[in-house]
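Visitor: Here is my input, please return the structure:
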Amino acid sequence: MQRGQEGRNLEGMSSVIVVHPPLPGGGRHVTAHGEPLGTAYGLTDLIEYLSRAGLDVATVDLYDESVIEWQGGNHLVWGREAD
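Guide: Just a heads-up that it's a prediction; the model follows:
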């Protein structure tokens with residue numbers, strides 16, 4: 001996991017978290033309001049970024065498209081597979 005920007009509080013914001021298309025080398029950029037949160041290599045990373053951003057990850061539905069916009073694949077697609 002690569003570190004993203006910390007200290008951003010997204011609680012109460014209505015915009016969508018965007019999980020961008022997989023990168024050629026693996027992983028997916030994650031943004032909120034166009035601000036980078038980091039590069040996720042799986043759901044564990046995504047949950048960590050959402051938590052750092054101030055979201056209550058216990059109540060966030062990762063599969064709700066009104067909350068998270070998945071571009072270039074769903075929650076099972078993270079880019080380059082291990083050889």
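Visitor: Just the CA trace of stretch 17-32, in CSV.
Guide: Written as CSV, here are the backbone C-alpha positions of stretch 17-32 (Å, rounded to 0.1, in the frame of the first residue of the first chain):
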residue,chain,number,x,y,z
ILE,A,17,-15.5,8.2,-3.9
VAL,A,18,-13.9,7.1,-7.2
VAL,A,19,-11.9,3.9,-7.7
HIS,A,20,-10.1,4.6,-11.0
PRO,A,21,-9.3,2.0,-13.6
PRO,A,22,-6.4,-0.4,-12.9
LEU,A,23,-2.9,0.9,-13.5
PRO,A,24,-0.6,-1.0,-15.9
GLY,A,25,1.7,-2.0,-12.9
GLY,A,26,-1.3,-2.9,-10.7
GLY,A,27,-3.4,-1.0,-8.2
ARG,A,28,-6.0,1.6,-8.6
HIS,A,29,-6.0,5.3,-7.7
VAL,A,30,-8.7,6.3,-5.2
THR,A,31,-10.0,9.9,-5.1
ALA,A,32,-12.7,11.9,-3.3
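Visitor: That one: how far from the chain's middle?
Guide: Here stretch 17-32 is found 7 Å from its chain centre; the criterion is Cα atoms, centre = their mean, to the nearest Å.
Visitor: so where's this protein uncertain?
Guide: In the predicted model of the chain, residues 1-15, 81-83 satisfy pLDDT under 70.
Visitor: At which residues are the strands of it located?
Guide: Secondary structure of the chain (DSSP state E): strands at 17-19, 28-32, 35-40, 68-70.
Visitor: I'd like these as JSON lines, with distance to D61 and mean neighbour count appended.
Guide: (Glycine included, C-beta is placed from N, CA and C.) Compiled in JSON lines, these are given as follows (distance: least, Cβ to Cβ, whole Å; neighbours: other Cβ atoms under 10 Å):
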{"stretch": "strand 17-19", "distance to D61": "11", "mean neighbour count": "21"}
{"stretch": "strand 28-32", "distance to D61": "16", "mean neighbour count": "21"}
{"stretch": "strand 35-40", "distance to D61": "17", "mean neighbour count": "20"}
{"stretch": "strand 68-70", "distance to D61": "8", "mean neighbour count": "17"}
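Visitor: Kind regards, and thank you for your time.
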